[in-house]
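Novice: Dropping a prediction and its sequence here:
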Amino acid sequence: MSGHSKWHQIRHKKAKVDARKGQIFTKLIREIVIAAREGGGDPESNYRLRHAIDAAKAQNMPWENIEKAIKRGTGELPGQTIEEVSYEGYGPGGVAILVEAATDNKNRTTSEIRHLFSKYGGNLGTSGCVAWIFHQKGIIHIQKDAVDEEKIFEIAIEAGAEDITTEGDYYEITTDPKSFHSVKQAIEEAGIPVEEASLTKIPQTTVKLEGDRARSLLKLMDALEEHPDVQNVYANFDIPDSILMEASKD
């Protein structure tokens, strides 16, 4: 899991750069609209919406934009019809890839996602072919120098965390999706800064890749992540840190 976890951190840092270009705002607004449409406009009872709002605030999105997106989701304001769609397939070396998208034109998006898979040595699969590999979890990263290991372990486990591991310079806390916000809140109330927190999907098995196959897979991941309709990309690769860091500089 270390390779995939490090890639997640690299993408998080890149998102801060993307925010300056407005790309991340569009994706965050779509997520808020969908979350409000599916679970209602109250973030206290809709943990997906609460997470989407937190993510938008972390990117300094104005509250007016957030509120409008919620109202579009609940139907209080008119807006474009956004459809949530998932794509499943395989990358170089047989790596399983799950793509979550939000689009106003499913035919166009499907065609473009299929093209990206083909361009970078992968292939789009049928519904259900890889989704079973991934389980939804909450992931919270805390810098090691911010807190003693025993203290963070005690706080996180008492608040409902499932596991705590070390990943480079970070503690990585894993939670059930429904416990995610309570664990994050407990950590913050203890005065411990949270480096990054997100709801994600964790692969239960991984595929080791090296050399050119690993580089091709990362190019596919980048291309999918940068597609304007793509919200999230999950994959079960295990790639050496040296190649991950090399790719992050491109």
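Specialist: Sure, I can see it. Residues are numbered from 1 along each chain as shown.

Novice: in this structure, which spans are strands?
Specialist: 83-90, 96-103, 123-124, 134-143, 163-167, 170-175, 196-203, 207-208, 230-235, 237-238 (DSSP state E).

Novice: Would you format those strands as JSON lines with mean neighbour count and mean pLDDT included?
Specialist: No exception for glycine: its C-beta is placed from N, CA and C like everyone else's. Shown next, in JSON lines, are the strands of the chain (neighbours: other C-beta atoms under 10 Å; pLDDT from 0 to 100):
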{"stretch": "strand 83-90", "mean neighbour count": "18", "mean pLDDT": "95"}
{"stretch": "strand 96-103", "mean neighbour count": "23", "mean pLDDT": "96"}
{"stretch": "strand 123-124", "mean neighbour count": "14", "mean pLDDT": "96"}
{"stretch": "strand 134-143", "mean neighbour count": "19", "mean pLDDT": "93"}
{"stretch": "strand 163-167", "mean neighbour count": "13", "mean pLDDT": "88"}
{"stretch": "strand 170-175", "mean neighbour count": "22", "mean pLDDT": "93"}
{"stretch": "strand 196-203", "mean neighbour count": "19", "mean pLDDT": "89"}
{"stretch": "strand 207-208", "mean neighbour count": "16", "mean pLDDT": "94"}
{"stretch": "strand 230-235", "mean neighbour count": "21", "mean pLDDT": "93"}
{"stretch": "strand 237-238", "mean neighbour count": "21", "mean pLDDT": "92"}
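
Novice: so which of these gets nearest Arg215?
Specialist: strand 237-238 (11.5 Å; C-beta to C-beta).

Novice: Parallel or antiparallel, which strands does the closest one pair with?
Specialist: strand 207-208 (parallel) (DSSP bridges).

Novice: in this protein, which helix or strand is least confident?
Specialist: Lowest on mean pLDDT, DSSP states H and E among the helices and strands of the chain sits helix 2-20, with a mean of 56.

Novice: so how many other residues sit close to the closest residue to Ile29 other than its chain neighbours?
Specialist: Nearest residue to Ile29, sequence neighbours excluded (C-beta to C-beta, 6 or more residues apart in numbering): Ala69, at 4.7 Å. When neighbours are counted by other C-beta atoms under 10 Å, Ala69 registers 27.

Novice: Ala69 against Arg37, yeah?
Specialist: No. Here Ala69 lies out of contact with Arg37, judged by C-beta atoms under 8 Å, at a distance of 10.2 Å.

Novice: How is the chain divided into domains?
Specialist: Domain ranges of the chain: 2-74, 83-132+204-236, 134-203, per automatic domain parsing.

Novice: need those in TSV with distance to Ile243, can you?
Specialist: Formatted as TSV, the domains of the chain follow (distance: least, C-beta to C-beta, whole Å):
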stretch	distance to Ile243
domain 2-74	9
domain 83-132+204-236	5
domain 134-203	15
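
Novice: Any idea which of those gets closest to Met245?
Specialist: Nearest to Met245, of these and by C-beta to C-beta, is domain 2-74 at 8.2 Å.

Novice: what's the spacing between stretch 27-40 and its chain's center?
Specialist: 15 Å (C-alpha atoms, centre = their mean, to the nearest Å).

Novice: Tell me the buried residues in that stretch?
Specialist: For stretch 27-40, the neighbour count (16 or more other C-beta atoms under 10 Å) marks Lys27, Leu28, Ile29, Arg30, Glu31, Ile32, Val33, Ile34, Ala35, Ala36, Arg37, Gly39 as buried.

Novice: Turn those into a markdown table, including pLDDT and distance to Ile155.
Specialist: A markdown table is the format used below for the buried residues of stretch 27-40 (pLDDT from 0 to 100; distance: C-beta to C-beta, whole Å):
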| residue | pLDDT | distance to Ile155 |
| --- | --- | --- |
| Lys27 | 90 | 31 |
| Leu28 | 92 | 28 |
| Ile29 | 93 | 33 |
| Arg30 | 93 | 34 |
| Glu31 | 93 | 28 |
| Ile32 | 95 | 29 |
| Val33 | 95 | 34 |
| Ile34 | 94 | 32 |
| Ala35 | 94 | 27 |
| Ala36 | 95 | 31 |
| Arg37 | 94 | 34 |
| Gly39 | 93 | 28 |
